[in-house]
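Visitor: Turn this into a structure:
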Amino acid sequence: MPEGSSLASAGATPADERRSEPASGGAARPATGVDLWLALGVFVVAVLFQLPIRERYLALLDEGYILSIADDVNRGRMLYGDVTIDAPFPLAFHLLALWQRLTEPSIAGSRWLATLLFAVYAATLFRVSREALPRAWAFGFVVLLLCYRVWAFPHWQIYSYSMVAATLAVIAAALVCGAVRARSNARLLVAGIAAGAAIMSKQDYGGATSLLLTVALAVLPWLDRERPTTVASALTPPFLFMLGGALVVLPYLGWFAAHGALDEMIQQTIVFPFSVMSSFEYPRLPDPWPLFGRDPELRAGIGNYFPSILATLWWNDCPGCWMERLGAGGSLYQRTAFWDVTLKLVFWAPIAFCAIAAVAWLGLAAHELRRDGAVSAASRGRILVLALAVGFLLAFNPPRDWVHLMMVYPPALLVGVVLAYQLACALPRVVAGALRVVLVGATAALLLVTLALMDDLRRRLDHWLEHPRARVYADRLNGPLIEDVLAWIEANVPAGARLPVYPIQPAFNFLSNRETVAGYYVIWPMQAGQRDRRILEEIERHGVQHVLFSVSQWAHLRPFQENAPELFAALVEGWEIAEVFSRVPNGPIMVALRRRTPEPDVTPLRDAMQVAGGAWTRWPFDEVLTQPVGTAQHPSTARVTGVVPTDRPVLETAVGVNPDRWLGAPSGPIVFRVALLRPDGREDVLAERTLDPRAVVADRRWEPVRVDLAPYRGREVTLVLSVEGAGVADAERSDFAGWRAPRFVAAPPEPAASS
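Guide: All right, here's what the predicted structure looks like:
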């Protein structure tokens, strides 16, 4: 091979192909100009396939996060410096910001970009598949890709940095395949540029796939018919590929360095992810054994492993749906191990496919090398396909749940399809025919179920959000609440005012076009140590008057008060709930906070009297005297003993249930009583209130209680506080109900006597 050529790779002859592939199946032919037109056709079909569901669904966290940050880019904010981005590199945010400038800042507009990206992804993977599959099998793989688009829900449904990185990584692989066939230095350079862009979108996807493609490019020249004469000529392909990546990565990093944000970028995208992975417990791959039988451990975390689209539509009751109750209430789940076995097979299949392919394909390549002194073009194509798949698997970082599994799945699925094709080629004709019938039938069945899911997605997510920054359909639980919150923002938060939204619902920032403070759109565990202090300083500097907070949170992320203790304490001390947004008992809950009005003429109860049987604690967002919840048969009481202030003899408080407990199993009515203990041991009931916030949405509030103790001014009294509710679970009783900031206030003036 001449010095300086890009690849020590001459195209295999038809005779070579026939020697290296089973005659019964026919070899995958090199991609031709026809394939480029077919890839364009796949692009068009992929766009059309997505149109019926393009506007369905809204993700308050993932979608709102990237849209809000893109908004900040267009406001002139510096990523990582002015805006905190936990984990991903910046390119996807800049791409979306550019798209918004060219089109419009709306969820509907971003969905067009997501639709086009998946179409590019599908068409490019079709091109890659032609390295190892004939056209008929490649078209079958495209059908699987279209089904995958739905089963990967909500990824690909919304715009995300994962989809951008995955698309660019696949583009890089396709360009590498073309460069290997055409022996083109220019294509290798362009492929490296695509790989560098993938890295700058999501460093794990882009970095892992780039690494494996680089290794493949370094190995392939040594497998050619004419071995390279020098190491330098063999290293030319990987060098050009890496050079292309460097042309993207280094200027990008230099730009951040020039703007003083490189240190923050390193902290947020490298240090933070590794610190979280090393100290936070994420879902891991389900244990493969026992493979058959119901697995209690898998079922304990089934929400992590069950397909998201099924959980959204068919897990519980789904009136009018094609299917329903596949989850814990269904007989298939309760009486069989179908889901246990199926989910384990799905989760472990990519690893199994790649392991089998590595042994089989590398073994075949070694056999060809010994026999012919070179490997066939088909083997080189398979090696590149395997490199892409293994790269994505290496990027399958925690959490290893369904949503993240889906983003690395298609290249490994392609490996599985190629293995099935080779098996069909190796089997006797009759058996191979039966295998093809089974595979076609399974693909057709999957397509039918996928179309049913798409139909139900359209019908179940049917609440139209007319807001100019939305114009998509939300589900029936979240849609009305989103409208309520947006209407409240428009009425109470002036345009241009800052609006913190905590802990993980930044879509409200984007939809209302209100910026957060201190650059934090989400509150995660283990963020920067000075985060809370920075947020509180910025709240004061910008004169923030309102904060939005979600009561319904993800349990696996730990409570807000644990993740942000300083911020939570400040909100409890200086803010109060102004509005509760809740439509149905078992649905999302948001609250609006306003600054607490100082009350100078009060005497806190905790300063005036002794409390026995109760505990002082902080709830969202008040200081509360709480006590265990008893029953009528087994009452739980707290006794308050002390002298009634002479100048402030009226006890004011409010009763309620911990907002963190508003969601959950029905607890029945909660009865609160204030009684005065007489010297003879009898009790005079002074006030009684009944609330049932888990069943009655209107009871998700503080109910005022006012007890006039003026007849006992300056005298010692004992008040008996009791709370009872027969349906409260034992684990919740100690922190379920309470009395908000009890204090003594002055009695109202006596009305003037009429003359």
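
Visitor: how about the helices in the stretch 501-650 of the chain?
Guide: 507-512, 531-541, 560-563, 565-574, 605-608 (DSSP state H, counting those that start in this stretch).

Visitor: Please work out which of these is packed deepest.
Guide: Ranked by mean neighbour count, those are led by helix 507-512 with a mean of 24 (mean count of other Cβ atoms under 10 Å). Backbone N, C-alpha and C define where each C-beta goes, glycine included.

Visitor: will you turn the helices of the stretch 501-650 of the chain into JSON lines that also has mean pLDDT and distance to residue 657?
Guide: Output for the helices of the stretch 501-650 of the chain, formatted as JSON lines (pLDDT from 0 to 100; distance: least, Cβ to Cβ, whole Å):
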{"stretch": "helix 507-512", "mean pLDDT": "98", "distance to residue 657": "25"}
{"stretch": "helix 531-541", "mean pLDDT": "96", "distance to residue 657": "27"}
{"stretch": "helix 560-563", "mean pLDDT": "91", "distance to residue 657": "17"}
{"stretch": "helix 565-574", "mean pLDDT": "95", "distance to residue 657": "17"}
{"stretch": "helix 605-608", "mean pLDDT": "93", "distance to residue 657": "20"}
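
Visitor: can you put those helices in CSV and add distance to residue 435?
Guide: Shown next, in CSV, are the helices of the stretch 501-650 of the chain (distance: least, Cβ to Cβ, whole Å):
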stretch, distance to residue 435
helix 507-512, 47
helix 531-541, 57
helix 560-563, 52
helix 565-574, 60
helix 605-608, 76
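
Visitor: from memory residue 369 sits against residue 375, does it?
Guide: Yes. With contacts counted by Cβ atoms under 8 Å, residue 369 reaches residue 375, the gap being 5.7 Å.

Visitor: more crowded one of these two?
Guide: Neighbour count, other Cβ atoms under 10 Å: between residue 369 and residue 375, residue 375 has more, with 28 against 16.

Visitor: With residue 667 as the reference, measure out to that one.
Guide: Residue 375 sits 68 Å away from residue 667, going by Cβ to Cβ, to the nearest Å.

Visitor: re earlier: can you list residues touching both of residue 369 and residue 375?
Guide: residue 223 (Cβ atoms under 8 Å, 6 or more residues apart in numbering).

Visitor: Mind giving me the packing neighbours of the one helix or strand residue 247 maps to?
Guide: Using DSSP states H and E, residue 247 falls within helix 231-258. On a contact count with 3 or more Cβ pairs under 8 Å, 6 or more residues apart in numbering; DSSP states H and E, helix 231-258 meets helix 161-182, helix 185-199, helix 203-219, helix 262-266.

Visitor: Name the SS class of residue 655, please.
Guide: strand (DSSP: H, G, I helix; E, B strand; the rest coil).

Visitor: ok, it - contacts?
Guide: By Cβ under 8 Å, 6+ apart, the contact list for residue 655 reads 672, 689, 691, 702-703, 705, 737-740.

Visitor: same check, this time on residue 596
Guide: 573-576.

Visitor: count of residues packed around residue 243?
Guide: 14.

Visitor: Spatially nearest residue to it, not counting backbone neighbours?
Guide: residue 192 (6.0 Å; Cβ to Cβ, 6 or more residues apart in numbering).

Visitor: Over to residue 362?
Guide: Once flanking residues are discounted, residue 362 sits nearest to residue 383: 7.6 Å by Cβ to Cβ, 6+ apart.

Visitor: Kindly indicate whether that neighbour is helix, strand or coil.
Guide: helix.

Visitor: Run through this protein and note the low-pLDDT ranges.
Guide: 1-32, 225-230, 750-755 (pLDDT under 70).

Visitor: Kindly reformat the contacts of residue 596 as JSON lines containing distance to residue 237.
Guide: Formatted as JSON lines, the contacts of residue 596 follow (distance: Cβ to Cβ, whole Å):
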{"residue": "573", "distance to residue 237": "63"}
{"residue": "574", "distance to residue 237": "62"}
{"residue": "575", "distance to residue 237": "60"}
{"residue": "576", "distance to residue 237": "65"}
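
Visitor: Of the helices and strands packed on helix 231-258, flag the one that's most buried.
Guide: helix 161-182 (a mean of 26).

Visitor: gap between it and the chain center?
Guide: The chain centroid and the centroid of helix 161-182 are separated by 25 Å under Cα atoms, centre = their mean, to the nearest Å.

Visitor: again with stretch 526-537
Guide: Worked out by Cα atoms, centre = their mean, stretch 526-537 lies 23 Å from the chain centre.

Visitor: need the longest helix for this protein.
Guide: As assigned by DSSP state H, the longest helix anywhere in the chain is helix 338-372.

Visitor: ok so, going back, compare the helices and strands packed on helix 231-258 and report which one is nearest to residue 401.
Guide: Closest approach to residue 401 among the helices and strands packed on helix 231-258 (Cβ to Cβ): helix 161-182, 13.2 Å.

Visitor: Now do the closest one: which elements does it pack against?
Guide: Short answer (3+ Cβ pairs under 8 Å, 6+ apart): helix 161-182 packs on helix 91-102, helix 107-129, helix 185-199, helix 203-219, helix 231-258, helix 377-394, helix 402-407.

Visitor: Between helix 231-258 and that helix, find me the angle.
Guide: 150 degrees (axes from the mean of the first three to the mean of the last three Cα atoms, to 10 degrees).

Visitor: thinking again about what came up before, for the residue nearest to residue 243, which residues are in contact?
Guide: 172, 240-247.
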